[in-house]
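In: Pasting the sequence and the predicted coordinates here, then a few questions.
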Amino acid sequence: MSDQNTLTLPEAINLALGHQKSGRLQQAETIYRQILQASPNHPDANHLLGILSQQTGHHEMAVSLISKAIQVRPNVPNLHLNLGNALVSTGKLEQAVNSFEQAIFLKPDYLEAHVNLGSTWQQLNKHPQAIESLQNALHLHPDLPELHLALGRSLQETGQLEEATACFNRSLALNPKDIKALLHLGMVLAKNAKNQEAKTCFQQILTLEPNIPQAHFNLGNIFQKEGDHTQAADCFQSALALRPNHAETHYNLGKLFLLQNNYKKAIPCFRKALTLKPGIPDILNNLGIALWETGMLSDSVTHFKHALSLDPDHTQALHNLGRALASCGQPEQAIICYQKGHERQPNSAKHHNYYLFMLNYLHIDNPTKIIDSHTKWDRIHGKVGREKIFSHDLAGRETKNRLRIGYVSPDFRTHAVSYFIEPILQNHDRNRFEIFAYAEVPKPDATTYKLQSRVDTWRSTVGLSNEQLARTIYEDQIDILVDLAGHSADNRLVAFTYKPAPIQATYLGYFATTGLKNMDYWITDTAIHPHDDMQWASETLHRLPRCYMCYQPRAGLPKPVQSPRKDGNVVFGSFNNMSKITPKILDAWSQILLRVNGSRLLMKSNDFSDPHLTKKMLENFTRHGVKPERIRIVAKVPTYNDHMGMYSEIDIALDTFPYTGATTTADTLWMGVPVVTLAGNHFVERMSLSLLSAVGHPEWCAENLEAYMALAVEMAAQGPRSSEERQTLRQQMAASPLCDPQDMTRSLEEAYEEMWRIKTAKQGK
């Protein structure tokens, strides 16, 4: 710039500006600095060098230079605009807002200032202010698609989804191939549950540009909502191929695998998501679920506890921790979790149910605790139902030809309850009874469809509110409504509080009182509840004259055979769930083994898939003086028949307590193996007694712990069971009331008719 001294200041400014516009920034900067050396406060030189500094990434310098220009010329709008831009680049957003507002004050129709102010408000997550600024900009220029897009985003953030949709549609009308507008429109439509329209948006994006990972991700979410898991998985995989480190995609793919019960595939997805976003409670919780489902119980406990350490109010993790601790044989710790869950969500019937269910695993010396805990549930969760109770006029209906019986259950699927209720449904006298089923079964299976064919009317209750379900039952004119779940998972007891049927009873699926004021009967038997037993129940006990259940063995089961072992030593066994095996049981079983020389114990439970639990179990026996080689622990076997075939390897089954067997006890007896049980005072403690009495062997039931151990030792003295003895026990069982579905059904039907006679007689008075 040898001729710089011959130029006037305006000429020098114009020369530098020409260099700047042509991209010769170094030459422009040299001239600006020469001008400022001669005139430090020159406003144009400071302003233009500030813009150049902004161009070259020297944002703090830009702020300083433009601020000097404003000191000389405070009323020039574009100086404030450019200062605001520089302040945004330095992260000083609140100061930038002031600059943009000053520019607008000086020039109210300054479009760029309104736009930049709106953008800055968005960066500050102050979307109401952003909306106002962007609307002002649109008044000045209504046909800019990017303004409609920006306004739609802020409306979306404030939950104004319909207005946001209109903005995105306007943006697309002006620019139909705007991928960002399509993406945001699709997201808003999906949030509004307009899945088909949202799907069209994402598919249109992928037609325009197939390598947009967010479009694949969002499309996968829609397919997942629609239940199209195959398409959803493909979309998530496509998204990960384009964006492999997106934690949300890994997480959503893991949740998809959970829905498909593909837990082994879910685990690495959640682990990857945690690597990318450590310390997210929801990811830890879902990883814990997948680990629990694959038998890694100890690891699942660790992850649930980690989730709770990060979010102590994560009630789902708290529930899952309780479930995992129960599976690990720690019912006392499990019930603490359920108690906390109930305390944190006192109005949640579901969390209250978890607590009540787990109570039954514990030794309860004070029976009033059971009934008080259950009636408290009714006081809290039955209040709304009792206020809207249905009325029933039974006048003139004493001699009704066909009673309508409604069974309500979440277990009309492959579940223990279904094995016991199916023979009843099949054998009901259709001349005297019309059978309805109310099924809370979101995932029907082959058993569901078989049970559906056993009833006159089948109604899915999935998605119905409790009041809607109660009204459906009332409009079906059900005479006797039977709960088959009690406080077990996914029950519909709240619907019973509306009293949709004139007579309501609980049966089969639970092991304590429901506590409901509007539950009239608890169907039981004289072994479970002897006539001289105190009735710790809110319901009237209706004792059947036979065992309260009927066992229907599956077809094709192996015949009872004797194990080929030749050492002559007795093998005890237990195939009960790990959750039932308490320290008190381990102590009793250890003493039995120590009293019977050469005896061994075979334990089988799916929970033993966890090697940590197996190791811990062996260590427990070692502490009691039993060598590990005397204990054999088995986890899963390939098929149900393989499971039943393992009974040939044990001579005497040791029942759990206080929670005795039901299905497990019946299976054991069917395979020809005697069961030693201990009877307590409550339903859950007397289930095996009821089954043994029905088969004709009440002598295998002890009244106290010492008698339990002595009985096991006495039976062991008889030596291993022969094939003939095993076959004889199965024959006895097959000929007993326990395996007589016609007798079971007639007994239950007589109970229903008696309940009806009592009810109509009372109403007639």
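Out: It's in.
In: what stretches of the protein score poorly on pLDDT?
Out: Judged by pLDDT under 70, the chain has its weakly predicted residues at 1-5, 363-366, 396-399, 533-535, 764-765.
In: Please name the nearest non-neighbouring residue to the residue minimising distance to the centre of the chain.
Out: Closest to where the C-alpha atoms of the chain average out (Cα atoms, centre = their mean) is Q316, at 7.0 Å. Computed as Cβ to Cβ, 6 or more residues apart in numbering, the closest residue to Q316 that is not its neighbour in sequence is N285, at 5.9 Å. Heads up, the C-betas are built off the backbone N, CA and C, glycines and all.
In: show me the contacts for the one you found.
Out: Applying Cβ atoms under 8 Å, 6 or more residues apart in numbering, one finds that N285 lies in contact with 303-304, 307, 314, 316-317, 320.
In: Neighbour-wise, which one of these leads?
Out: Using other Cβ atoms under 10 Å as the contact criterion, the top neighbour count among the contacts of N285 goes to F304, which has 30 neighbours.
In: That one sits in which helix or strand?
Out: Using DSSP states H and E, F304 maps to helix 297-310.
In: before we move on, what about Y354?
Out: When secondary structure is defined using DSSP H and E, the element that contains Y354 is helix 349-359.
In: Buried residues in that helix, which are they?
Out: Residues 349-359 are the ones in helix 349-359 that count as buried (16 or more other Cβ atoms under 10 Å).
In: and E162, how far is that from E112?
Out: 29 Å (Cβ to Cβ, to the nearest Å).
In: between those two, who's got more neighbours?
Out: With neighbours defined as other Cβ under 10 Å, E162 and E112 compare such that E112 has more, 17 against 9.
In: residues contacting the more buried one?
Out: Contacts for E112 (Cβ under 8 Å, 6+ apart) come out as L81.
In: Tell me the secondary structure at the nearest residue in space to H428 that is not next to it in sequence.
Out: Among residues not flanking H428 along the chain, I435 sits closest, at 5.4 Å (Cβ to Cβ, 6+ apart). Here I435 is strand, with the state taken from DSSP: H, G, I helix; E, B strand; the rest coil.
In: is it true that I435 touches L403?
Out: No: I435 is beyond contact range of L403, at 9.7 Å (criterion: Cβ atoms under 8 Å).
In: what's the neighbour count on the nearest residue to T90 once chain neighbours are set aside?
Out: Computed as Cβ to Cβ, 6+ apart, the closest residue to T90 that is not its neighbour in sequence is H59, at 4.7 Å. For H59, the number of neighbouring residues by other Cβ under 10 Å comes to 19.
In: what's the distance between H59 and N401?
Out: Applying Cβ to Cβ to H59 and N401 gives a distance of 90 Å.
In: cool, L654 as well?
Out: According to Cβ to Cβ, L654 and N401 sit 50 Å apart.
In: Quick check: L25 touching G57?
Out: No: taking contacts as Cβ under 8 Å, L25 lies outside contact range of G57: 11.3 Å.
In: Comparing those two, which shows the higher neighbour count?
Out: Here L25 and G57 are set side by side on neighbour count (other Cβ under 10 Å), and the busier one is L25, at 15 against 9.
In: Which residues are in contact with the more buried one?
Out: Going by Cβ under 8 Å, 6+ apart, L25 touches 19, 52, 55-56.
In: Please report how far it lies from A62.
Out: Per Cβ to Cβ, L25 is found 13 Å from A62.
In: go on, H246?
Out: Distance, H246 to A62, using Cβ to Cβ: 35 Å.
In: Which one of the two is surrounded by more residues?
Out: Using other Cβ under 10 Å as the criterion, H246 and A62 rank with A62 on top: 26 against 20.
In: Just to check, that one is in contact with N46?
Out: No: judged on Cβ under 8 Å, A62 makes no contact with N46 at a distance of 10.2 Å.
In: returning to what we had before: buried residues in the helix holding F304, which are they?
Out: Buried residues in helix 297-310, counted by 16+ other Cβ under 10 Å: 297-304, 306-308.
In: same deal with stretch 19-32?
Out: Applying a neighbour-count criterion of 16+ other Cβ under 10 Å, one finds 19-20, 27-29, 31-32 buried in stretch 19-32.
In: which stretch of helix or strand covers the closest residue to Q727 other than its chain neighbours?
Out: Ranked by Cβ to Cβ, 6+ apart and with sequence neighbours excluded, the top spatial neighbour of Q727 is P560, at 5.6 Å. Under the criterion DSSP H and E, no helix or strand holds P560.
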